[in-house]
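K.L.:
For reference, the sequence and a predicted model appear below.
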Amino acid sequence: MASDPQSAANQRIVEDLVSRLRRRQVVGSRATALETLLVLRQVVSKARFSNIDQLINIIRTVGRRLVEAQPKEHSVGNTVRKVLHHIREEYHTASERPAVETSFSIAKFVLQGQPRKQQTTVPKSETRIPLKENDPDDPDSFARVLKPVLMEAIQDVFDELETVYDNISKNAKDHIHSDEIILTLGMSRTVESFLKAAAHNRNYTVIIAETAPSYGGREMGKSLSSAGISTFLVPDSSIYALMSRVNKVILGAHAILANGGMFATSGSLLAATAAREYSTPVVVCAGQFKLTPLWNLYHEYGALDFGDPSAVLGFDEGDLVEKVDVVNPYYDYVRPDLLDVFITNYGDHPPSSIYRLLKETYDDEDNEL
Amino acid sequence: MAPKSSSGKEKLIGDEDEVLQAVILADSFNKRFRPLTTRKPRCLLPICNAPLLDWTFESLALAGVQEIFVICRSHPQQIKAKIAESRWSKPGSGIKIVPILTAKETFSPGDAMRDIYTRGLVTGDFVLVMGDLVSNIRIDEVVKVHKERRKTNKDAIMTMVVKESGAKHRTRSKADSAVFVVDSETSECLHYQPIMGYPPTTIASVPREILETHPDIEIHNDFIDCSIDICSVEVPSLFQDNFDYLDIRRDFVHGVLTSDLLMKNIYCYVAKDGYAARVQDTKSYESVSKDILSRWTFPLVPDNNHPAGHLYEQRRGNKYIDKDGTVVLARTSAVGNKCLIGSSTEVSDNAQIISSVIGRDCFIGTGTIVDNSYIFSGASIGSGCVIRHSIIGSDVDIKDNTVIEKGSLIGDGVILGPNAHLKAYSRLSKKRAGELPEDDEDEADYADSEEEEVEAAQDSIAVTLGSESNAIVWPSSRPDEDDDDEDDVENVKNQRFMRLGDSASDLAFSDPGSESSEEDEESSDEDSEFETRLGILPNSSATSISLDAPVRSSDAMAESEFQNEVKLSLERAFIEGHSVDNAAVELKTLRMASNVPLSRVREGVVSAIVDRIKIIEGGGIPQRQEIASVISRWGPLINKIGGVDAVETISALQSHCASSERLLLFGQILAALYQDDIVEEHDIREWHRTATSQGQGMPAGIRSENMKKCWEVGSRMIEQFDEQDEEEEDSEDGSEDSEDGSEDSEDGSEDEDDQEDSEDDQDS
């Protein structure tokens, strides 16, 4: 990047987010996705480029920087990939090249022909000035023409993120039936809004495991019971004992992997395994931004992201601190065969078709940023 | 660029209008890491492969600090260069770092604080940390609490961040800790008593005033002092005013808390969550390293937010291997739990790495065992070596079959071996090259003076360092130098508590060595001192009995010295005719310098004034005039020394008169004091009621007899007061009194007459 003031400003906002990610001052998939998007929007609006490759390069550089800052927070990379995908799409429609995308889309297929945003964007580009790449007379012309469209594309991603909870919980009543007993754990905004939405039409009971050591379950329990749902808070150890009475397990996800597995709050594996024992269906609610082109084939240990031991063992236990190694993972890796369905804002999918959804959401060349 | 970036940061933060400043004292002011620190300041020593200073910066950045002043003393150029090339000086870091080069003569944190004051660096409340801090505590929360407190109480000048730990905690320094007495409700720090590993302290004393004024107190001997202080602007100026403050804790905090002149408060902030510790010695170097590897410092851990920007991959068992794929681990090598291995490092066949940190570009030979050791970057270790509990400097070359026992420190660039065997706690550094490094010459002078000594002493030490070695051996412990007194934290035995790999368990109980007998003597001295103090005190001060028992025998010395000083300074004042105010100021400074309770000063002053009164043969009117003139000239001084406690004044007068030849003047002097309104009627009554004024609780003898006599004089005075209250005046009663008085002595009766006359004068 040149050292003009604009790119310096860009660098500054990128560095700012990088350090906040590194210091874990931004946590939570959606929050990080939103922050990333804000940075990308800023970067695109200020960037100077005369052809699409330059632009993509700029975004990729920024993206790589952000991902390196926090490789465990997958929604950062996912958001970057999504933006890249949209930018390419806009570029293709703008330059009137035949769309690379095939007409068949699994997401559209699942949603049964509901009008998608991509379709509505097509008519927008009708009154368009011809696009000139690498114009030697006016190097900025390309950027000038394309920028408004790009901003719109980013805005689309933004809107999608804003409405993700609503879209997921839209069909909640189809999944939860009256007098069912639902088991969930941890604090997940997606699951919370899903359950609350279902409570409008159905009368059901939720059992929440308190999910040590973060105890997100307690927070969740408070929130759900205040919404008028009959709620039980139970210790994690009783998950298996209660499973025989549970009709459905609803989990949130930290990241959905390409093989249909997922990273989710620690304790999820326990719940999913217990559910398998009783053949209880396991439903995962997650926004599309959690789709991650990652396989975790070797069940990489470090991918689980370990926190500090203080939640498990107090630092004041001087004697023990020396002798005991405490492992406090944030996430569990849940294998695809333990999961039954993913409910996303792109419709409901079995673990086996996640790879396809991924392929449609992102471009292959972005899998490695 | 830098100011712009900080303004950008401000915009992003928005509501934060005040820049949060921090001051890092980037010098250790001690030599615990020698010889590793001969050519490098301690704050640039790597811990978990990142310089300590970077950990400190990151800790502060985590807390939202925007402006950092780094006070550097030794090797300032290196620190400056390091800061300039670090990512903090790049745009977008949001932090402005200003290195401040302080003078070579800055020998203590106190000097550095005075330097901060003279330079006028800080403009508001600031965070004061040491350059060896590793922390993830949200310091901004503490600052908020501090500022909130300042709104209601302007005297809350400082908040110390402490962390609760067990009494036995690897991160808690045994050698340099303290007992904190904290008000449970306000968390005000009421008393601070530093504790050393050696000589061991068994008694903590809590001043009685604290118990009186605070219903709920907590006494903590389990705090890790994180050395994070939120200070107000006044703090540097206080250091300026008190030029003898050296250490922030032992002198400043202790001084402020014990002073009843400053009237400032210091608070504690007990960090419930978060981690903070200082790398203040080689022992804490190890424990902090382990804490980092066990992720207590999260999110400041090798695989997440490594301050030097390295990327590590976390493997099972808290193993961290550099991510760039250049680390070569032989198939038969074993890397145990809690290890960190930097990039481009090669671990050969059958090598064992146990709980160790290995820097970048290192080589570990076949069959070598590295156990709980810290190897800085660029070091190469041959095959068949054993290294236990040691720190190996950068670019060290250890050749085959070398054994390094626990606690050894190997300076940068040393070549060792082959077949060398180092005893435990050896310290090695490289022989100096012919010419001095040119970049900072005076620096080299400073560092080398000690090296020269060491080099000169080489002949006397015979250790096998191997045929190719270029090393010199530092003496295992410095021969007793004259500055090496027991009170100093840096005393040899206490240092053992700070030494890597040294459990110092033999010191914790008793040391059979020659020094211990000396120590026993001293402690018995202490005991007797303790007793005598307890014996004397009730006499001298009837109401505010100070239970401040001396823990160190030097207190007694200081006190007698102090009494002497008081006498001298008052004599000077008497002779040169100073004003009372000037004399009072002099006394105040004296008191602060020698740190004694107020009652002592009062005793001193009273006795000096009494001694000033000449005994005139025959007594009578000339004697009375003499007393009146002295008391009216100097009496007001008694109440100007920093607190008014008339009862104590009388007690002091009594005890002094009882043990001097001016016994007979007691009544007259008391009357004169009463005349000049230095003591009031009710004070005399109160004094009279106290048990000690009657000489109770004292061994029988002349002194207690005299005390009793004085008390009787007092009783008569009180009778007079009673009479005055009842009837306007009655001379008969007065004469009765005088008759009683004649039992004591001839002079005594005269005194009483005089006294009565004066009473009458006053009445009319």
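P.N.:
Received the coordinates, thanks.

K.L.:
can stretch B:151-167 be found next to chain A?
P.N.:
Yes. Using Cβ under 8 Å from any Cβ of the partner chain, stretch B:151-167 reaches chain A at B:163-167. C-beta: built from backbone N, CA, C; applies to glycine.

K.L.:
Give the helix, strand or coil label for B:Val473.
P.N.:
For B:Val473, the secondary structure call by DSSP: H, G, I helix; E, B strand; the rest coil comes out as strand.

K.L.:
and it, what are its bridge partners?
P.N.:
B:Leu428 (DSSP bridges).

K.L.:
thinking it is in contact with B:Arg427, fair?
P.N.:
Yes. Using Cβ atoms under 8 Å, B:Val473 is in contact with B:Arg427, at 7.1 Å.

K.L.:
and for those two, which residues touch both?
P.N.:
In terms of Cβ atoms under 8 Å, 6 or more residues apart in numbering or on different chains, B:Val473 and B:Arg427 are not both contacted by any residue.

K.L.:
Do a quick rundown of the helices in the stretch 101-250 of chain A.
P.N.:
A:106-110, A:117-124, A:141-162, A:164-169, A:172-175, A:189-199, A:216-226, A:239-243 (DSSP state H, counting those that start in this stretch).

K.L.:
Out of the ones you listed, which gets nearest to chain B?
P.N.:
For chain B, the closest of those is helix A:216-226, at 16.5 Å, according to Cβ to the nearest Cβ.

K.L.:
list the helices and strands the closest one packs on?
P.N.:
In this structure, helix A:216-226 makes packing contacts with strand A:181-185, helix A:189-199, strand A:205-209, strand A:230-234, judged by 3 or more Cβ pairs under 8 Å, 6 or more residues apart in numbering or on different chains; DSSP states H and E.

K.L.:
Quickly note the distance from A:Ala271 to chain B.
P.N.:
Separation of A:Ala271 from chain B (Cβ to the nearest Cβ, to the nearest Å): 23 Å.

K.L.:
mind checking which helix or strand of chain B has the lowest mean pLDDT?
P.N.:
Within chain B, no helix or strand scores below helix B:514-540, which has a mean of 34 by mean pLDDT, DSSP states H and E.

K.L.:
average pLDDT across the helix or strand following it?
P.N.:
Using DSSP states H and E, the helix or strand that follows helix B:514-540 towards the C-terminus is helix B:554-576. Helix B:554-576 carries an average pLDDT of 73.

K.L.:
for stretch B:113-133, same thing?
P.N.:
Rounded mean pLDDT across stretch B:113-133 is 87.

K.L.:
mind checking the end-to-end distance for that stretch?
P.N.:
18 Å (Cα to Cα, to the nearest Å).

K.L.:
Next up, the contacts around the residue of the stretch 201-350 of chain A found nearest chain B.
P.N.:
Nearest to chain B, among the residues of the stretch 201-350 of chain A, is A:Gly318, at 2.8 Å (Cβ to the nearest Cβ). If you count contacts by Cβ under 8 Å, 6+ apart, A:Gly318 has them with B:165-170, B:172.

K.L.:
Helix, strand, or coil at B:Gly325?
P.N.:
Secondary structure, three-state DSSP: B:Gly325 is coil.

K.L.:
From A:Trp295, how far off is it?
P.N.:
For B:Gly325, the distance to A:Trp295 equals 19 Å [Cβ to Cβ, to the nearest Å].

K.L.:
And these two? Which one has more around it.
P.N.:
A:Trp295 (12 against 9; other Cβ atoms under 10 Å in any protein chain shown).

K.L.:
How about the contacts made by the more buried one?
P.N.:
Taking Cβ under 8 Å, 6+ apart, one finds A:257-259 in contact with A:Trp295.

K.L.:
same check, this time on A:Ile229
P.N.:
Per Cβ under 8 Å, 6+ apart, neighbours of A:Ile229: A:195-196, A:199, A:204-206.

K.L.:
Do you know the pLDDT at it?
P.N.:
93.

K.L.:
Any part of the helix or strand where A:Val76 lies near chain B?
P.N.:
Secondary structure assigned from DSSP H and E places A:Val76 in helix A:74-94. No. Helix A:74-94 is not in contact with chain B by Cβ under 8 Å from any Cβ; minimum separation 14.0 Å.

K.L.:
looking just at contacts, which helices and strands does that helix meet?
P.N.:
By 3+ Cβ pairs under 8 Å, 6+ apart, helix A:74-94 packs against helix A:29-46, helix A:52-69, helix A:117-124, helix A:141-162, strand A:291-292, helix A:354-361.
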